[in-house]
Structures are given as structure tokens and as C-alpha cells.
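K.L.:
My questions concern the predicted model and sequence given below.
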There are 2 protein chains.
Amino acid sequence: MSDNSYVLAGDVGGTNLRIAAVDCDGTILHLAQAATPQTGVDADIIDAIVTGGEACIAAIKPDARPNSFGLAVAALVDTNGTGRILGAPNLPQLNGLPLADLLATRLDLRVTLENDATAAAVGEHWLGSSKDVDNSIFVTLGTGIGGGLILNGRPYRGTDGTAGEIGHICVEPEGIACGCGSRGCVEQYASASAIVRIARELLHRDSTSGLKQKPDFSAKDVYDAAIGGDPLSLKVFRTMGCYLGVALADLVNVLNPELIVIGGKVASGWDLFIEDVRTEIMERAFRYPAETVTLERALLGDSAGILGAARVAFDQV
Amino acid sequence: MSDNSYVLAGDVGGTNLRIAAVDCDGTILHLAQAATPQTGVDADIIDAIVTGGEACIAAIKPDARPNSFGLAVAALVDTNGTGRILGAPNLPQLNGLPLADLLATRLDLRVTLENDATAAAVGEHWLGSSKDVDNSIFVTLGTGIGGGLILNGRPYRGTDGTAGEIGHICVEPEGIACGCGSRGCVEQYASASAIVRIARELLHRDSTSGLKQKPDFSAKDVYDAAIGGDPLSLKVFRTMGCYLGVALADLVNVLNPELIVIGGKVASGWDLFIEDVRTEIMERAFRYPAETVTLERALLGDSAGILGAARVAFDQV
């Protein structure tokens, strides 16, 4: 591989779509961004990805072709076969589509799909918090909760490529119904949506909180109130931290990781919840793996997925 | 390795201790069995292991030395370093002991320790239910619940060697206190001890069960009653199956295994609980990995650990 070689890397979510040209050091040479088409038509998303890819290729000097294309998608993807989308709650028009093959034909490039949270785990392992760590778990706390596993120094994808769905570890067997069809998933107790729900429930019992003034408050509003010292909002983050700790203690017992990396927008509230996460892990997991594991914030922010997709593309070359 | 080469393999539990000479096909050439010394003195256990090992070496013709010694222990073991025992609730006299080094000196052999449930997973992967399967989970249902992981075709041991503690996945965050220090571990809801506890609780509300006649009933008694059609005992196994299903659904979401192998004495009740396990997995896990995973009974019974330890020993040669 020559020094000026590069790959295409992309990250397709329900809201935003980003395609980049990335070199082998992880430098983003060019970035094309767009809103994810909301037409419900699969071809519109494919066109948008192709347009972004072509814009990156056109922008790079010297005029070299990329070596490969890695694409992170907010979906369960079959990483072992044709790059088919196995399930995409936030991009239902892609369900069942052999997306990698379709893009490969359009762009005349080898295309490899990756689940977006696994891609972020790969990105953090390449250039971020879990660099040089052989066994780590990446958890992304956003509207939902996603996860990716690095085991024995490599991304672990499971039999079909669907491994890492940490957000659907059960923390209350008869708990809140989850979009996945189950009940009591940690996603219902420690995501941004969960923060709003828990705050609403507590407000029924406590009307002194400033949140009462803002009927349609968001997780960010709960965060701001907690930073301002609002006891109810502080309790929301502590509750959320406890539930997250229950799920992570399971993972500490089962996977004995060296590091758990926490990213996503909710990680901004780190100081408000992390001590409760740590306490639950220490109280619930076996002492030895509990003392081994470190919790750290993700370093790469929104770029983790696209950089991980680039790493996956380089690994295919 | 010549055709008549062999290894020593052992399995040390709280009650029994077995050392065998095993050839490269997995044939047990000689087996030395003893009760695990209950003196509370570490040297007595070491002596018993050495005696068993020497008996195996003496019994083998032609008079060849074994290549290596693999030892499965009912303990958390440091598989990366000196083979130190990190925690052994059922063999507390071994806690902290560099057991592999001590045995290596006594027997003049390379000695490798393995957690007993991981060894059983390796045994089933070598010669049993999970042969040729790249991603499988081994669950042993006994007095407690143990587990071992085969990921990407190899045993996954984690950072310290403590991975696979499936029995301590939380299924009720404020549930029954567990010997591990946590609460609500699946071990408290789906092990032999749990079967007795659940039956006792149900008996308080239902006095028609035949179990009422036997105040000190065992899990085997509940099994016999269930086989005889006792509704309360049937309900115990269904309850236990549901809880096991909650924990295994977590693992299906996180690890996307092709196969889950269930062994241990409680697996005898297979027909009494397995449909409830399957139902919980289908209802709780993502559809795709839930449809991928198969549940099977372990094939090797009590020999899984010793055969896995032999495989570990051969891998060291």
C-alpha cells in the first residue's frame, strides 16, 4: 500500500449520512455530509451514499482510486456474507437489502458493511480510548444504547455479525417494554430516552424540580438541571448509572474485559452517573474482574464510527 | 508428536478429584480417582494430584513420559501468568496459590490450569456437542451455574482468565442474595439449589404436592415428582427455564452464538424446562440471532472437563 493510498469510509444513521476519504493514519482527507433521505425509498439512500463517495473520490489529489469502502450502518448487518442488512429499525427501507453488493456495483469498489456500534468500537481501538487494549467493550449511550466488542485484539461479530447488542441486556425481567420486543432492556433505563422517562416518573412524586416548568423537556434539559443542582435530576442520573452498572457487571463477569469505553451523547453526563456505575460493578461482579476493569470515556466522539469503518476497509485491502 | 504420546489431564472439584492419562484422540488411557481431601490444607490437595498423576504415568505402557499436564479446577484461575488460583469458593485452601508452578516442580512437567467450566467447553468443542462450531456457549447447571465460551473457534478466557461466569448474570436486580456477593444472579434461579428453593416457596402456597411428605427434598426429588406429573414440581422447572432463558437471551444478543450447550446434573430435566428457555430467548432476544442459535445437551457428561484439560495440555505441546 503506497503512502498516498486511502479508503472510503461512511456512517449512515437514521438522521445523518457521512462519507469520508481516510488515509492509513486515520486522517480524514475529505468529508461529505448530508441528511439521510427520509423518503422511505431504499434507492434514495443508496444514491446519497454514492454521491458522497463520488464527491470524496473527486476531491482527493493526486487522482488515486480508493482501495476499498467500509460503511458503518445503524443496523444489524450480515458481516460474513454479502453484506446484507438483517434488521434496521431506524432505516427500515434498507431491511433485507444486499447493500454492500449494490454499492460495490455502483462505485466499482469492494464494500464492507459494519454495524455502527461495532465500527465505533473498532475506531476507538484503532485511534482512541481502547488503543492497544486486547479486550474491551464499547458502549454508546444515545437515544438508544449500542455496543461493540473487541476480544483478543479483534472485533468480535458473532455468527451472523449481530453480536454486541449490549443495550438489550435485561435489567428488569418484567420491566418497561422495549422497541426490540423484549421488556426491561437496559436501553429503557440508561439511554437519553430513559433519562426523560425516569425524570417524568419522579416528577409525579416531586413537584419542586425546575423541570416542572418545561413540559417537553429533553435529556439535555435534565442534564442542565442536574448540573445546576436540581436534586430530582441528579437522582435521574444516579438511577440511570445504577441500571447501567447492573448490565456492565454482567459483561464484566462474562467477558472479563480490561476496559469499558463509554461514548454517545449521554456520556456528557459522566460525572453525574459514573460513580454509581462503578459501585454496581464492584458490588455485583466478581472481585477480580471488577478490579481489573477500567471505565473510560470515548475519545473520538462522532468520528469513531467513520474511522472504524475506515479501519475495516483497510483490513480488507 | 508420536502416536503413542499422551498428556496428563485432571479435574479438581470440591468433592472429587480425577487425574487421567489421555491420548491425542481423546481416549482416556488410565483414570485415577479420589475424594478431594477435606483437611483444609493446600499441601494435601497437591499431594493427591501428584499421587494421581504418578499413578497414571506408572500405568501407561510403553513407558513414555506425558507431554504436558492440563488441570481443570473449580476456581477462577490466572491463565495468562503462572497459573495462580485467583478465587476458589469451593476449594478455599487453594486461594492465591501458584498451583501450576507447584505441580510443575513436583511432577517435572509443564502444567496449565484451566477453569473447570471453560475446560468443559473446550472438551465439548473438541469431542462433543459443539465440535466444529466456531461460536458456542457452554452452560453447566449443577449446585451452581458455570459457563465457558468458545469464540471464533477458540476458548475465550478474558483479560485475567476469569471470563465465562454466566451463572452470575443478573436476572432480578433486587433478587435473592448470591454467594458471589451480588443479588439476583441466575444461579439463584436456575441451579439445583434454586430448584429446591423455588419448590419450597411454592409449597407455602400449595400443600397438595407430594413433596410435602419429604421435608428435606433435593432437586432430584423435585425432578422425580415432576416426571410423575406433580403440578408444583412441573412449575418449578418451568420457572427455572424462564429465568435461564432471560440470561441466555442476554448472551444471544451480546455474543450471537451458533450454539448453546447445556450440561450438568440439572440438564437431566431438559424436557421439563427447555421449551421455556426457548420461548424466553425468542421473545427477548433480537429475532435474527434468536433464530440462529440452537440449544443442545452436552454429550460428554462428567468427562467434559478432563477431556478439555487434555486438549489444553496438547495445545501447550
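P.N.:
The structure has been received and is ready for your questions.
K.L.:
tell me which element the most centrally placed residue in chain A falls in.
P.N.:
The residue lying closest to the centre of chain A (CA atoms, centre = their mean) is residue A:117, at 3.4 Å. Assigned by DSSP states H and E, residue A:117 belongs to helix A:116-127.
K.L.:
and for the following helix or strand past that helix, what are the contacting residues?
P.N.:
Going down the chain from helix A:116-127, the next helix or strand is strand A:136-141, by DSSP H and E. Strand A:136-141 has contacts (CB atoms under 8 Å, 6 or more residues apart in numbering or on different chains) with A:117, A:120-121, A:124-125, A:130, A:145-150, A:166, A:190-192, A:244, A:248, A:251, A:255, A:257-267, A:298, A:304. (Glycine included, C-beta is placed from N, CA and C.)
K.L.:
Within its sheet, name the partner strands of strand A:136-141 and how each one runs.
P.N.:
strand A:145-151 (antiparallel), strand A:259-263 (parallel) (DSSP bridges).
K.L.:
Would you mark the buried spots in stretch A:254-269?
P.N.:
Of all the residues in stretch A:254-269, those buried under the rule 16 or more other CB atoms under 10 Å in any protein chain shown are A:254-267, A:269.
K.L.:
Adding distance to residue B:26, write the strands paired with strand A:136-141 out as TSV.
P.N.:
Listed next are the strands paired with strand A:136-141 as TSV, based on distance: least, CB to CB, whole Å:
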stretch	distance to residue B:26
strand A:145-151	27
strand A:259-263	37
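K.L.:
could I get those as CSV with mean pLDDT?
P.N.:
Putting the strands paired with strand A:136-141 into CSV (pLDDT from 0 to 100) gives the following:
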stretch, mean pLDDT
strand A:145-151, 97
strand A:259-263, 98
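K.L.:
Tell me which of those lies nearest to residue A:213.
P.N.:
Closest to residue A:213 of the strands paired with strand A:136-141 is strand A:145-151 (CB to CB; 28.9 Å).
K.L.:
next helix or strand past the closest one?
P.N.:
strand A:154-156.
K.L.:
Phi first, then psi, for the closest residue to chain B within the stretch 101-250 of chain A.
P.N.:
In the stretch 101-250 of chain A, the residue that lies nearest chain B is residue A:158 (2.5 Å; CB to the nearest CB). Per-residue torsions, residue A:158: phi 80, psi -170 (degrees, to the nearest 10).
K.L.:
what sits against it?
P.N.:
Applying CB under 8 Å, 6+ apart, we find residue A:158 in contact with A:164, B:135, B:255, B:256, B:257, B:289.
K.L.:
Ok, residue A:10 next?
P.N.:
By CB under 8 Å, 6+ apart, the neighbours of residue A:10 are A:17-20, A:49, A:52-53, A:69-72, A:306, A:309.
K.L.:
Now do the phi/psi pair for it.
P.N.:
phi -140, psi 160.
K.L.:
measure it to chain B for me?
P.N.:
23 Å (CB to the nearest CB, to the nearest Å).
K.L.:
and the residue of the stretch 201-317 of chain A found nearest chain B, what are its phi and psi?
P.N.:
Distance from chain B to each residue of the stretch 201-317 of chain A (CB to the nearest CB) is smallest for residue A:256, at 2.6 Å. With angles defined as degrees, to the nearest 10, residue A:256 sits at phi 50, psi 60.
K.L.:
Thought residue B:159 was touching it, still the case?
P.N.:
Yes - using CB atoms under 8 Å, residue A:256 is in contact with residue B:159, at 5.1 Å.
K.L.:
Quickly list what's touching both of the two.
P.N.:
Joint contacts of residue A:256 and residue B:159 (CB under 8 Å, 6+ apart) are A:135, A:289, A:292, A:293.
K.L.:
I'd say the second one and residue B:157 touch.
P.N.:
So that's residue A:289. No - using CB under 8 Å, residue A:289 is not in contact with residue B:157, being 11.1 Å away.
K.L.:
List the residues that are in contact with both of those two.
P.N.:
A:256, B:163.
K.L.:
higher neighbour count, the two?
P.N.:
Between residue A:289 and residue B:157, residue A:289 has the larger neighbour count (other CB atoms under 10 Å in any protein chain shown), namely 28 against 22.
K.L.:
Quick check: the more buried one is in a strand.
P.N.:
No - counting by DSSP: H, G, I helix; E, B strand; the rest coil, one finds residue A:289 to be helix, located in no strand.
K.L.:
need the contact list for it.
P.N.:
Here residue A:289 is in contact with A:252, A:253, A:256, A:257, B:158, B:159, B:160, B:162, B:163, B:165 (CB under 8 Å, 6+ apart).
K.L.:
Compute the number of surrounding residues for the nearest residue to residue A:87 once chain neighbours are set aside.
P.N.:
Using CB to CB, 6 or more residues apart in numbering or on different chains and skipping residues adjacent in sequence, the residue nearest residue A:87 is residue A:76, 4.2 Å away. Neighbour count of residue A:76, defined by other CB under 10 Å: 25.
K.L.:
ok, residue A:76 touching residue A:85?
P.N.:
Yes - contact criterion CB under 8 Å: residue A:76 and residue A:85 qualify, at 7.4 Å.
K.L.:
and stretch A:219-228, average pLDDT?
P.N.:
For stretch A:219-228, mean pLDDT rounds to 97.
K.L.:
quick one: buried residues of it?
P.N.:
Buried residues in stretch A:219-228 (16+ other CB under 10 Å): A:219, A:221, A:222, A:223, A:225, A:226.
K.L.:
Return the distance of residue A:95 relative to residue A:76.
P.N.:
Distance from residue A:95 to residue A:76, counting by CB to CB, to the nearest Å: 10 Å.
K.L.:
what touches both of those two?
P.N.:
Common contact partners of residue A:95 and residue A:76 (CB under 8 Å, 6+ apart): A:85, A:87, A:88.
K.L.:
can those residues go into CSV with extra columns for neighbour count and pLDDT?
P.N.:
CSV is the format used below for the shared contacts of residue A:95 and residue A:76 (neighbours: other CB atoms under 10 Å in any protein chain shown; pLDDT from 0 to 100):
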residue, neighbour count, pLDDT
A:85, 22, 93
A:87, 18, 85
A:88, 20, 85
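K.L.:
Now intersect the residues you listed with the strands, please.
P.N.:
A:85, A:87 (DSSP state E).
K.L.:
sorry, back to before: which of the contacts of residue A:289 lies closest to residue B:174?
P.N.:
For those, the nearest to residue B:174 is residue A:253 (18.0 Å; CB to CB).
K.L.:
ok, how many other residues are close to the closest one?
P.N.:
By other CB under 10 Å, neighbour count at residue A:253 equals 28.
K.L.:
Let me see the confidence value for it.
P.N.:
Reading off the model, residue A:253 has pLDDT 98.
K.L.:
that's a strand at it, yeah?
P.N.:
No - using three-state DSSP, the assignment for residue A:253 is helix, not a strand.
K.L.:
Run through the residues that contact it.
P.N.:
A:285, A:286, A:289, B:165, B:166, B:168, B:169.
K.L.:
From residue A:155, how far off is it?
P.N.:
21 Å.
K.L.:
Just say helix, strand or coil for residue A:70.
P.N.:
With three-state DSSP as the criterion, residue A:70 reads strand.
K.L.:
wait, doesn't it sit right on residue A:114?
P.N.:
Yes - Residue A:70 is in contact with residue A:114 according to CB under 8 Å; the separation is 6.3 Å.
K.L.:
Quickly list what's touching both of those two.
P.N.:
In contact with both residue A:70 and residue A:114: A:308, A:309, A:312, using CB under 8 Å, 6+ apart.
K.L.:
Just put these in TSV and tack on neighbour count.
P.N.:
Formatted as TSV, those follow (neighbours: other CB atoms under 10 Å in any protein chain shown):
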residue	neighbour count
A:308	34
A:309	34
A:312	26
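K.L.:
Okay, and which of those residues map to helices?
P.N.:
A:308, A:309, A:312 (DSSP state H).
K.L.:
so what's the first one up against?
P.N.:
Right, residue A:308. Applying CB under 8 Å, 6+ apart to residue A:308 gives the contacts A:70, A:72, A:114, A:118, A:119, A:120, A:121, A:122, A:123, A:124, A:125, A:126.
K.L.:
which residue packs closest to the fourth one, ignoring adjacent ones?
P.N.:
Same thing as residue A:118. In space, residue A:118 is closest to residue A:148, 3.9 Å off (CB to CB, 6+ apart).
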